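next come a sequence and a model predicted from it.
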There are 2 protein chains.
Amino acid sequence: MKSVNIPAIAVKRLSLYARNLALLDQKGVEVVSSAGLADICGVNPAQIRKDLGYFGQFGIRGVGYYVKELLFEIRKILGLEKEWRLALVGVGNLGSALLGHAQLLNQGYTFVAAFETDPKRIGMQIGDITVAPVKAMKRLVMEKGVEIGVIAVSPRWAQQAADKFVKAGVRGILNFAPVQLQCPSALHVENVDFTRKLDMLCYRLTLND
Amino acid sequence: MKSVNIPAIAVKRLSLYARNLALLDQKGVEVVSSAGLADICGVNPAQIRKDLGYFGQFGIRGVGYYVKELLFEIRKILGLEKEWRLALVGVGNLGSALLGHAQLLNQGYTFVAAFETDPKRIGMQIGDITVAPVKAMKRLVMEKGVEIGVIAVSPRWAQQAADKFVKAGVRGILNFAPVQLQCPSALHVENVDFTRKLDMLCYRLTLND
């Protein structure tokens, strides 16, 4: 795979293409033109061809892309042909929403453990998961082969949660707390901060005024 | 304001700087060097200077930035010196988490209405908000001066929710459903899809293997 110098934004768009290809596949669509796929994804066709071009040759001139095939290839590029095992810390409203997120399972992600410090929540059953105390994290992360820790605690506890995930041996963290985590550089962290999307929206609305 | 040709990514970073400046301000920090701010934000100092450079001259050579002043300026650039009034549709786990999001209020965002189709949830009181039926959306959006609609319903209802927000007259939509919404081009839409962040994380982990 030509992994060098591929812009992160191109990889993010691959992920968007995969989402929409999966929807097309569910609807029974077998072939899609690059214009058609571009339209669904809200990008332009040249962008799709360029993004895919980083990874090889896809599609057939004058025909378009075979939906299943392109989806398979993109999922392989993204490393999604395997099952990724996730653990959650923080089973509040946000955490519960994540555990119940129907899309995740379709996309190869499975929550296999959830942790809490709140005694009222420990022992709760959510789907297949029994909420465990944070002190069981190290053991359960190992036993259940968790690779990714998901942080959905309040900002003041986020760093502690991250430290515990690091000690437990996860390889990556998805962080929903609006906090810049300090983690070993070998660990990969992705932050989800929707208030930044709101800021972007307001910036655009303000420019329009 | 030099609004032309400013890359979206620079605006997104401004939003990150504002977050961290607000935290510094809360801690009573009055001055921060660009290296110091860069470190907290996880970017390099040259990036900060470049991003701010799109909007004017900030900071004092050899001193750094006055925290309150730079925060004020960035918030003005982003259009956050006013209060933005938000309405939510979908008061499930995710919606409830959003309504209870403590950070939002600090940043100038206020939920003033929430809507549901589920009779069991209509009438629920969450903070200052009484959950209203979706059919009251047009009236309440107008009465309460809502500018931004937030969609936290399941994917299959997201387009309908968007259509209703459009008819009700919102100017922008923050969409949490993993669906590409079809909206009039004058309306601004930002999508929050954390599964794409997960994809990015897995891509990076896979490259490492």
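Yep, it's here. Residues are numbered from 1 along each chain as shown, chains lettered A, B, ... in the order given.

which stretches in chain A count as strands?
A:31-32, A:65-66, A:84-89, A:109-116, A:125-126, A:129-130, A:132-133, A:148-151, A:172-175, A:188-191 (DSSP state E).

what would the ones you listed look like in CSV with mean neighbour count?
Any C-beta I mention is one placed from the backbone N, CA and C, and that applies to glycine too. Formatted as CSV, these follow (neighbours: other Cβ atoms under 10 Å in any protein chain shown):
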stretch, mean neighbour count
strand A:31-32, 19
strand A:65-66, 21
strand A:84-89, 24
strand A:109-116, 22
strand A:125-126, 12
strand A:129-130, 14
strand A:132-133, 18
strand A:148-151, 26
strand A:172-175, 24
strand A:188-191, 19
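
for chain B, see how far away the nearest residue in space to A:Tyr66 that is not next to it in sequence is.
Spatial nearest neighbour of A:Tyr66, chain neighbours left out: A:Val31 (5.9 Å); criterion: Cβ to Cβ, 6 or more residues apart in numbering or on different chains. Separation of A:Val31 from chain B (Cβ to the nearest Cβ, to the nearest Å): 19 Å.

so what's A:Val31 up against?
A:Val63, A:Gly64, A:Tyr65, A:Tyr66, A:Val67 (Cβ atoms under 8 Å, 6 or more residues apart in numbering or on different chains).

which one of those residues is nearest A:Leu86?
A:Val67 (27.0 Å; Cβ to Cβ).

right, and the closest one touches A:Asp25 too?
Yes - using Cβ atoms under 8 Å, A:Val67 is in contact with A:Asp25, at 5.2 Å.

wait, A:Ile77 touches A:Leu52, no?
No - using Cβ under 8 Å, A:Ile77 is not in contact with A:Leu52; the gap is 9.2 Å.

any shared contact partners between these two?
Contacts common to A:Ile77 and A:Leu52, judged by Cβ under 8 Å, 6+ apart, are A:Leu14.

buried sites along stretch A:69-89?
A:70-75, A:77-80, A:84-89 (16 or more other Cβ atoms under 10 Å in any protein chain shown).

list the helices and strands the lowest-mean-pLDDT helix or strand in chain A packs on?
With mean pLDDT, DSSP states H and E as the measure, the helix or strand of chain A carrying the lowest mean pLDDT is helix A:102-106 (a mean of 71). Packing contacts for helix A:102-106, counted by 3 or more Cβ pairs under 8 Å, 6 or more residues apart in numbering or on different chains; DSSP states H and E, involve helix B:194-208.

now the helix it packs on - C-alpha only, PDB.
Provided in PDB are the C-alpha atoms of helix B:194-208 (Å, rounded to 0.1, in the frame of the first residue of the first chain):
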ATOM      1  CA  PHE B 194     -17.700   9.800  14.900                       C
ATOM      2  CA  THR B 195     -17.500   6.400  13.100                       C
ATOM      3  CA  ARG B 196     -15.300   8.200  10.500                       C
ATOM      4  CA  LYS B 197     -13.000   9.100  13.300                       C
ATOM      5  CA  LEU B 198     -12.900   5.500  14.300                       C
ATOM      6  CA  ASP B 199     -12.100   4.500  10.700                       C
ATOM      7  CA  MET B 200      -9.200   7.000  10.800                       C
ATOM      8  CA  LEU B 201      -8.000   5.500  14.000                       C
ATOM      9  CA  CYS B 202      -8.100   2.000  12.600                       C
ATOM     10  CA  TYR B 203      -6.400   3.100   9.400                       C
ATOM     11  CA  ARG B 204      -3.500   4.400  11.500                       C
ATOM     12  CA  LEU B 205      -3.300   1.300  13.700                       C
ATOM     13  CA  THR B 206      -3.300  -0.900  10.600                       C
ATOM     14  CA  LEU B 207      -0.500   1.100   9.000                       C
ATOM     15  CA  ASN B 208       1.500   0.500  12.200                       C
END
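
wait, does that helix make contact with chain A?
Yes - shown here: helix B:194-208 in contact with chain A (Cβ under 8 Å from any Cβ of the partner chain) through B:194-208.

start to end distance for stretch A:60-69?
12 Å (Cα to Cα, to the nearest Å).

pLDDT on that stretch, on average?
Averaged across stretch A:60-69, pLDDT comes to 91.

which residues sit against it?
A:21, A:24-25, A:29-34, A:36-37, A:58-59.

most neighbours, which of those?
A:Leu21 (26 neighbours; other Cβ atoms under 10 Å in any protein chain shown).

now do the same contact list for that residue.
A:Leu21 neighbours (Cβ under 8 Å, 6+ apart): A:Val32, A:Leu37, A:Tyr65, A:Val67, A:Leu70, A:Leu71, A:Ile74.

count of neighbours near the fourth one?
Right, A:Val67. 22.

which of the residues of helix B:194-208 next to chain A sits closest to A:Gly145?
B:Leu205 (13.5 Å).

contacts only, for the closest one.
A:Gly79, A:Glu147, A:Ile148, A:Arg171, A:Gly172, A:His188 are the contacts of B:Leu205 under Cβ under 8 Å, 6+ apart.
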